[in-house]
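>>> kindly generate the corresponding structure for this input.
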Amino acid sequence: VETFDLHKRCTMLLTYWTSGDTRNRGADMVEFTQTYRAAGVEIPKGEAPDHLPVVLEFAATVDPAAGRRLLAKYRVPIGVVARALAEQKSPYAPVVAAVDATLPSLASVDDVSRLMVSGPPAESVGLQPFQLTVPPRRVQEVL
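This next block holds a predicted model:
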């Protein structure tokens with residue numbers, strides 16, 4: 001909990017890095033669910049489909065090719081988690097670094113640095129302050 005839940009930079013939820021806590025994240029998680037179902041399995045109860053250990057277990061035991069495609073697609077978020085754990089000197093750092101090392105090379109190492117600095121996307125819909133489009137009626141005082 002201390003490492004993975006209290007430090008968002010170390011979250012194992014891969015779509016958090018690509019979609020943040022936005023409404024788009026649900027659509028991204030559907031891709032994981034559909035991939036698992038196409039391989040004939042369901043997501044373990046109580047787990048998010050984009051949780052890195054779930055994806056790794058799927059890739060190792062169910063469908064290595066489909067699992068590798070998911071891991072490769074989320075290569076940059078895995079790199080972010082690996083670097084964040086290394087910076088914290090976490091005992092989990094070598095494990096995620098080993099996963100990171102098995103994935104295709106990044107086109108740009110700057111992608112990981114940029115995502116670490118900027119963080120995940122933020123919700124931008126529905127957060128504007130309320131504005132009236134019609135002027136309010138004024139109550140006339142009765143004398």
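
>>> so, low pLDDT: which residues of the protein?
The model of the chain has pLDDT under 70 over residues 1-7, 21-22, 106-143.

>>> what ranges do the helices span in it?
For the chain, the helices identified by DSSP state H occupy 14-19, 24-38, 52-61, 64-73, 75-87, 93-102, 110-118, in order along the chain.

>>> just put those helices in TSV and tack on distance to residue 45 and mean neighbour count.
In this view, the C-beta of every residue, glycine as well, is placed from N, C-alpha and C. Below are these laid out as TSV (distance: least, CB to CB, whole Å; neighbours: other CB atoms under 10 Å):
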stretch	distance to residue 45	mean neighbour count
helix 14-19	19	23
helix 24-38	13	15
helix 52-61	11	17
helix 64-73	20	15
helix 75-87	24	21
helix 93-102	24	15
helix 110-118	30	13
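
>>> what would the ones you listed look like in JSON lines with distance to residue 8?
What follows is the helices of the chain, written out as JSON lines (distance: least, CB to CB, whole Å):
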{"stretch": "helix 14-19", "distance to residue 8": "7"}
{"stretch": "helix 24-38", "distance to residue 8": "14"}
{"stretch": "helix 52-61", "distance to residue 8": "14"}
{"stretch": "helix 64-73", "distance to residue 8": "21"}
{"stretch": "helix 75-87", "distance to residue 8": "9"}
{"stretch": "helix 93-102", "distance to residue 8": "15"}
{"stretch": "helix 110-118", "distance to residue 8": "11"}
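
>>> closest to residue 44 out of these?
With CB to CB as the measure, helix 52-61 is the member of the helices of the chain nearest residue 44 (6.3 Å).

>>> list the helices and strands that closest one packs on?
Of the remaining helices and strands, those touching helix 52-61 by 3 or more CB pairs under 8 Å, 6 or more residues apart in numbering; DSSP states H and E are helix 24-38, helix 64-73, helix 93-102.
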